[in-house]
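Q: any chance you could fold what I've pasted below:
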Amino acid sequence: LTRRAYSRIAERFLLWCLLEAHIGLTQLGGGHCIHYRKWLHSLGRIEKEEWDAAGWRIPAEQWIGKAHVQRDSAQWKPFKGKLSTDSIAHELTVLRGLYKYLTLGRDAEHNPWELLGKADFNTPESKSSQYVNRSLTQAQRDYLMAGLDVDNEFDARLSLILWLGFGCGLRSAEMIGLSL
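A: Now for the predicted structure:
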């Protein structure tokens, strides 16, 4: 039972990485973990318009299907409905363990799930990310980051500062005072 549950969690996450985030498992960073947590908390809970406005690539209804559908059926979907807060926390804990295993086996260089505190697994956003989300939307953050040339020293520093703000919730004075 546990092996089957863990396999289901890993498969769901792999599908999200490939189809929603367009990354492989070893390319995962802390920002992706934050997005996945928010995505899980949004799946099945928000209206289509809000889902689309959040910028998710695949409609929620393509992720959620009926229970008891055979895995090889065209009707099969990875989720059977919205997950409870406890189920989401469990999924994220399993993924943290998966990445711990992958790093110990040297199949992944780092465990990005370690960047999220365990207490943050129960909420769609960490307490620190609340500050960022009050000022910039996801689309605005993407726009800012896309305009930076990381080969340029100034842009590379600005990129680091912005990601620390997005991921850690640092105040502007703390971000500006950083040095490479």
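Q: against Ser7, how distant is His22?
A: Computed as Cβ to Cβ, to the nearest Å, the His22 to Ser7 distance reads 23 Å. The C-beta positions use only the backbone N, C-alpha and C, and glycine is treated the same way.
Q: quick one: least confident helix or strand in the chain?
A: Every helix and strand of the chain was ranked by mean pLDDT, DSSP states H and E. The lowest is helix 129-135, at a mean of 45.
Q: and Tyr143, what pLDDT?
A: Per-residue pLDDT puts Tyr143 at 81.
Q: do the one 3 residues further on as well
A: Ala146 is assigned 85 on the pLDDT scale.
Q: next, count neighbours for it.
A: Neighbour count for Ala146, taken as other Cβ atoms under 10 Å: 7.
Q: start the count at 39, not 1, going forward
A: OK, 39 is where the count begins now, so the last one is Ala184.
Q: sorry, back to before: would you mind identifying the next helix or strand past the least confident helix or strand of the chain?
A: Next in sequence after helix 167-173, counting helices and strands by DSSP states H and E, comes helix 176-184.
Q: now find how far off-centre the helix or strand just after that next one is within its chain.
A: Next in sequence after helix 176-184, counting helices and strands by DSSP H and E, comes helix 191-206. How far helix 191-206 lies from its chain's middle: 18 Å, per Cα atoms, centre = their mean, to the nearest Å.
Q: ok, stretch 180-192 next?
A: The answer for stretch 180-192 is 21 Å, by Cα atoms, centre = their mean.
Q: any idea which element Arg75 lies in?
A: Following DSSP H and E, one finds Arg75 within helix 68-80.
Q: quick one: mean pLDDT over that helix.
A: For helix 68-80, the per-residue pLDDT averages 92.
Q: for the biggest helix by length in the chain, which positions count as buried?
A: The longest helix of the chain (DSSP state H) is helix 123-142. Burial within helix 123-142, assessed by neighbour count using 16 or more other Cβ atoms under 10 Å, is assigned to Ile126, Ala127, Glu129, Leu130, Val132, Leu133, Arg134, Leu136, Tyr137, Leu140.
Q: other SSEs contacting it?
A: Other elements packing on helix 123-142 under the criterion 3 or more Cβ pairs under 8 Å, 6 or more residues apart in numbering; DSSP states H and E are helix 40-53, helix 68-80.
Q: isn't Val188 up against Leu198?
A: No. Val188 is beyond contact range of Leu198, at 9.1 Å (criterion: Cβ atoms under 8 Å).
Q: what about Cys71, how many neighbours?
A: Burial measure for Cys71: 22 neighbouring residues, criterion other Cβ under 10 Å.
Q: doesn't Asn149 make contact with it?
A: No. Assessed by Cβ under 8 Å, Cys71 is found out of contact with Asn149, at 9.6 Å.
Q: can you list contacts of stretch 128-141?
A: Contacts to stretch 128-141, defined as Cβ atoms under 8 Å, 6 or more residues apart in numbering, come from residues 43-44, 47-48, 50-51, 63-64, 66, 71, 74-75, 78, 121, 146-152, 154, 156, 159.
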